[in-house]
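Q: A predicted structure for the sequence below; I have some questions about it.
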Amino acid sequence: MKLDPDFHYILHIIFIEIRATKNLKKARAMADIVHNVPNMIRNGHSADRIIEEILSKAKHYSAESYFQRLLGIPQTPSDKAE
């Protein structure tokens, strides 16, 4: 099982964000957005499917542009407005 380096990076950053924040709501949102990633990797989901899941959950928390930047996904002008 090969792990995409983007997922190592995003999980690393999110764990730091969760540890550093004093905002419990933000910590819970960050955890909710990525908590399925390790299981999806384990179950052989494609990188595209995992990214789709992350961005879908991130959109729910109005954090899609943040996660797009973490994943290196180019943003459209409407994405940058978030």
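A: Received, thanks.
Q: so what does the longest helix seen in the chain touch, helix or strand wise?
A: As assigned by DSSP state H, the longest helix anywhere in the chain is helix 5-20. With contacts taken as 3 or more Cβ pairs under 8 Å, 6 or more residues apart in numbering; DSSP states H and E, helix 5-20 sits against helix 24-34, helix 37-42, helix 47-60, helix 64-71. Heads up, the C-betas are built off the backbone N, CA and C, glycines and all.
Q: deepest of those helices, which one?
A: Stretch with highest mean neighbour count among the helices and strands packed on helix 5-20: helix 64-71 (a mean of 18; mean count of other Cβ atoms under 10 Å).
Q: counting contacts, what elements does that helix pack onto?
A: The contact analysis (3+ Cβ pairs under 8 Å, 6+ apart) places helix 64-71 against helix 5-20, helix 47-60, helix 77-80.
Q: sort out which residues of the longest helix of the chain are buried, please.
A: Within helix 5-20, the residues scored as buried using 16 or more other Cβ atoms under 10 Å are 6-7, 10-11, 14, 17.
Q: who touches it?
A: 26-27, 30-31, 33-34, 37-38, 41, 47, 50-51, 54, 67, 70-72 (Cβ atoms under 8 Å, 6 or more residues apart in numbering).
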